[in-house]
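> structure for the following, please:
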Amino acid sequence: MNPLVSLIVPCYNQGKYLFDSLESVSNQTFANWECLIIDDGSIDNTREIAKIFTDRDSRFNYFFKENGGVSSARNFGLKNAKGDYIQFLDCDDVLDSRKLELSLNYLELSKNNDNVKIVISNFRMFTDNINDSSPPFCVLNHSYFNLEGFLYEWNISFSLQMQCGFFEASLFRTIQFPENLTAQEDWIVWVSLFKTGCEAIFINETLAYYRINPNSRMSTLGIDDNKIKVLESFKDILTYDEYYNFTSNLISRLYKTNEEIQTRLKLLRKSNSYQTVLMIKKILRKIKLLGISVSFFKVILHFKAK
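Model (predicted):
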């Protein structure tokens with residue numbers, strides 16, 4: 001078995017990390033791959049870093065497009081990919097050298113089950129050096145990797161980076177990343193994939209490394225603005241009953257969370273420290289020193305900030 005694997009690397013102004021990401025592609029033990037570097041309108045040194053790799057290895061291909069967001073870049077990559085399998089890689093993250101080989105080996109072992117079209121591996125987190133990595137921010141479990149798991153456990157029990165997956169390319173003939181979202185687009189795609197009825201294998205080994213990057217879009221963008229759009233996307237994907245059950249579950253979770261916050265707030269108000277602060281505040285107000293105290297603390301904080 002010697003299929004072609006297409007690695008899709010969307011890039012936007014993360015040139016200082018791109019070399020490490022592409023080097024992890026070069027180091028793959030499975031050799032029959034193509035790497036599509038999709039420059040999504042970067043204005044840093046992304047092009048120069050990409051050229052280092054395209055000049056030394058014809059398996060790397062560089063594409064430049066106007067900025068349209070990570071979903072647009074991934075869809076561009078899917079449109080131009082020639083492989084039998086797809087591996088995504090964000091431009092600041094890194095793959096283990098065995099990622100492609102082991103994924104293909106596990107698929108070969110499951111060839112008697114035509115529904116198995118995805119291999120999911122575990123991951124670790126790092127800042128600068130993968131040899132100094134930390135455990136993942138969630139514990140992955142094979143029981144999550146189905147339609148119900150991605151609908152009801154996502155962002156509660158787990159969430160999953162796209163580079164943890166290894167996909168049969170045929171899955172993306174009808175599935176694309178939603179370009180109207182700036183966050184949670186992965187969630188929509190995972191649900192869409194499992195809505196097809198496909199199954200996944202789980203390799204409980206660290207084959208992907210997620211960089212803790214303060215400049216990444218996930219560190220600078222919240223998901224609040226996307227919540228309504230996410231719900232709209234699910235409405236187009238799910239059946240009426242699936243969507244009803246999903247939204248009912250979501251409302252129930254939000255209600256439970258609100259109750260927990262209210263309970264914690266009540267406990268806080270009953271605490272000795274809170275009551276002490278209230279008492280001090282009343283005393284200061286009574287002797288007309290509250291305004292002066294507030295101004296004094298503001299001055300202290302101002303100088304502390306400097």
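
> show me where this protein has helices.
Taking DSSP state H, the helices of the chain run over residues 15-26, 46-56, 70-80, 99-109, 147-152, 185-195, 217-220, 227-237, 240-270, 272-286, 290-305.

> nearest to residue 203, out of the ones you listed?
helix 99-109 (6.1 Å; CB to CB). In short, each C-beta sits where N, CA and C put it, glycine included.

> need the contact partners of that closest one.
By CB atoms under 8 Å, 6 or more residues apart in numbering, the surrounding residues in contact with helix 99-109 are 1, 3, 5, 28-30, 33, 85, 87, 116, 119, 121, 166, 201, 203, 205, 207-208.

> what are the buried residues along that helix?
Using 16 or more other CB atoms under 10 Å as the test for burial, helix 99-109 gives 99, 100, 101, 102, 103, 104, 106, 107.

> how close does the second one sit to residue 111?
In other words, residue 100. 17 Å (CB to CB, to the nearest Å).

> also the first one?
Remark: distance between residue 99 and residue 111 (CB to CB) = 20 Å.

> where does pLDDT dip in the stretch 201-306 of the chain?
Along the stretch 201-306 of the chain, the parts satisfying pLDDT under 70 run over 214-227, 254-261, 274, 277, 284-306.

> make it 90
By pLDDT under 90, the weakly predicted segments of the stretch 201-306 of the chain are 212-233, 236, 246-306.

> residue 92: which of the helices of the chain is closest?
So among the helices of the chain, helix 15-26 is nearest, using CB to CB, at 3.8 Å.

> distance between that closest one and the chain's centre?
On the basis of CA atoms, centre = their mean, to the nearest Å, helix 15-26 is displaced by 18 Å from the centre of the chain it belongs to.

> what of stretch 188-203?
Chain-centre distance of stretch 188-203: 16 Å, with CA atoms, centre = their mean.

> just the CA coordinates of it, formatted as PDB?
What follows is stretch 188-203, C-alpha atoms only, in PDB (Å, rounded to 0.1, in the frame of the first residue of the first chain):
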ATOM      1  CA  ILE A 188     -18.900  21.800  12.500                       C
ATOM      2  CA  VAL A 189     -16.600  19.700  10.400                       C
ATOM      3  CA  TRP A 190     -16.200  16.900  12.900                       C
ATOM      4  CA  VAL A 191     -20.000  16.700  13.300                       C
ATOM      5  CA  SER A 192     -20.400  16.700   9.500                       C
ATOM      6  CA  LEU A 193     -17.900  14.000   9.100                       C
ATOM      7  CA  PHE A 194     -19.500  11.600  11.600                       C
ATOM      8  CA  LYS A 195     -23.000  12.500  10.200                       C
ATOM      9  CA  THR A 196     -21.900  10.500   7.100                       C
ATOM     10  CA  GLY A 197     -21.900   7.400   9.300                       C
ATOM     11  CA  CYS A 198     -18.100   6.900   9.100                       C
ATOM     12  CA  GLU A 199     -16.100   5.500  12.100                       C
ATOM     13  CA  ALA A 200     -12.800   6.400  13.600                       C
ATOM     14  CA  ILE A 201      -9.900   4.500  15.100                       C
ATOM     15  CA  PHE A 202      -8.100   6.000  18.100                       C
ATOM     16  CA  ILE A 203      -4.300   5.800  18.500                       C
END
